[in-house]
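Participant: Pasting the sequence and the predicted coordinates here, then a few questions.
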Amino acid sequence: MLQLSVVDKLKKTPKAKPCPDGQHLDVIQHPQVPPGEEDPRQRVEAMRRSGATQNEIDGALHNIATGTPLITHGAMLSRGLTPEEKDANKNGDEQKIWAVCINCHRKREVDHAASPESVAECKDVQRGWGDATQRSNNIKFAQDGGSVTYKIPLSRAGGPTSRAIWNAFKDAGAQSRVKIVGL
């Protein structure tokens with residue numbers, strides 16, 4: 001799903017020193033899904049078998065049903081390995097969606113990516129809304145023109161976590177590029 005010019009850039013030797021957090025220039029890499037998982041509902045079933053959290057599953061089903069953002073293909077949903085894939089000694093990263101820095105090649109997983117400019121993070125928010133590295137990189141992604149959607153439990157969608165997310169993006173001038181959706 002990446003344009004050839006971006007793939008060519010990623011083939012270059014990475015810098016010896018990675019970019020600092022919050023300074024990456026990320027592009028999205030989608031996985032090649034196994035046969036049958038092109039249908040996002042089948043991909044959700046594989047997510048269940050791979051041990052995805054209930055919030056990740058709820059977020060995926062919400063995106064399939066409502067289009068916030070719209071998920072139309074299984075490759076738009078990240079997942080871990082199923083028990084069958086583990087038994088076959090598959091690479092644990094091959095079914096994940098990655099945001100990859102075109103400068104230093106650092107990669108980080110994102111939960112959903114409906115397009116190269118749109119990522120979603122599904123958070124239960126019991127442990128916050130991601131670590132400082134993830135937060136700063138998501139803000140930078142938004143500053144670079146991407147959109148970031150946080151899927152959080154409905155009971156917490158209007159509380160302090162939502163305000164913290166909103167304020168962090170606002171302070172960075174990226175509030176128009178973030179959505180917070182209660183599930």
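Facilitator: Structure received.
Participant: Please name the residues that touch the residue nearest the centre of the chain.
Facilitator: Geometric centre of the chain, nearest residue: V110, 2.0 Å, by C-alpha atoms, centre = their mean. Counting by C-beta atoms under 8 Å, 6 or more residues apart in numbering, V110 makes contact with I28, S78, I97, W98, A99, V119, A120, E121. No exception for glycine: its C-beta is placed from N, CA and C like everyone else's.
Participant: which of the residues you listed tops the neighbour count?
Facilitator: Using other C-beta atoms under 10 Å as the neighbour criterion, A120 leads these with 28 neighbours.
Participant: where exactly do the helices run in the chain?
Facilitator: 4-11, 40-50, 54-66, 83-87, 132-143, 160-171 (DSSP state H).
Participant: Out of those helices, which gets nearest to C19?
Facilitator: Distance to C19, taken as C-beta to C-beta, is lowest for helix 132-143 among the helices of the chain, at 9.5 Å.
Participant: Check the model's average confidence along the closest one for me.
Facilitator: For helix 132-143, mean pLDDT rounds to 91.
Participant: Output the contacting helices and strands for it.
Facilitator: strand 26-29, strand 107-110, strand 118-122, strand 147-152, helix 160-171 (3 or more C-beta pairs under 8 Å, 6 or more residues apart in numbering; DSSP states H and E).
Participant: relative to strand 118-122, how tilted is the last one?
Facilitator: Read that as helix 160-171. Between helix 160-171 and strand 118-122, the angle comes out at 150 degrees (axes from the mean of the first three to the mean of the last three C-alpha atoms, to 10 degrees).
Participant: Mind checking the pLDDT average for helix 160-171?
Facilitator: 91.
Participant: what comes up buried for stretch 58-74?
Facilitator: D58, G59, A60, L61, H62, N63, I64, P69, I71, G74 (16 or more other C-beta atoms under 10 Å).
Participant: pull the CA atoms of that stretch into PDB?
Facilitator: C-alpha atoms of stretch 58-74 as PDB (Å, rounded to 0.1, in the frame of the first residue of the first chain):
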ATOM      1  CA  ASP A  58     -14.500  -3.500  20.000                       C
ATOM      2  CA  GLY A  59     -12.500  -0.700  18.200                       C
ATOM      3  CA  ALA A  60     -12.100  -2.900  15.000                       C
ATOM      4  CA  LEU A  61     -15.800  -3.800  15.000                       C
ATOM      5  CA  HIS A  62     -16.800  -0.100  15.500                       C
ATOM      6  CA  ASN A  63     -14.500   0.900  12.600                       C
ATOM      7  CA  ILE A  64     -16.000  -1.800  10.300                       C
ATOM      8  CA  ALA A  65     -19.600  -0.800  11.200                       C
ATOM      9  CA  THR A  66     -19.400   3.000  11.400                       C
ATOM     10  CA  GLY A  67     -16.400   4.200   9.500                       C
ATOM     11  CA  THR A  68     -14.600   6.100  12.200                       C
ATOM     12  CA  PRO A  69     -12.300   5.500  10.300                       C
ATOM     13  CA  LEU A  70     -13.800   3.000   7.900                       C
ATOM     14  CA  ILE A  71     -12.100  -0.400   7.800                       C
ATOM     15  CA  THR A  72     -12.800  -2.200   4.500                       C
ATOM     16  CA  HIS A  73      -9.900  -4.700   4.300                       C
ATOM     17  CA  GLY A  74      -8.300  -7.000   6.800                       C
END
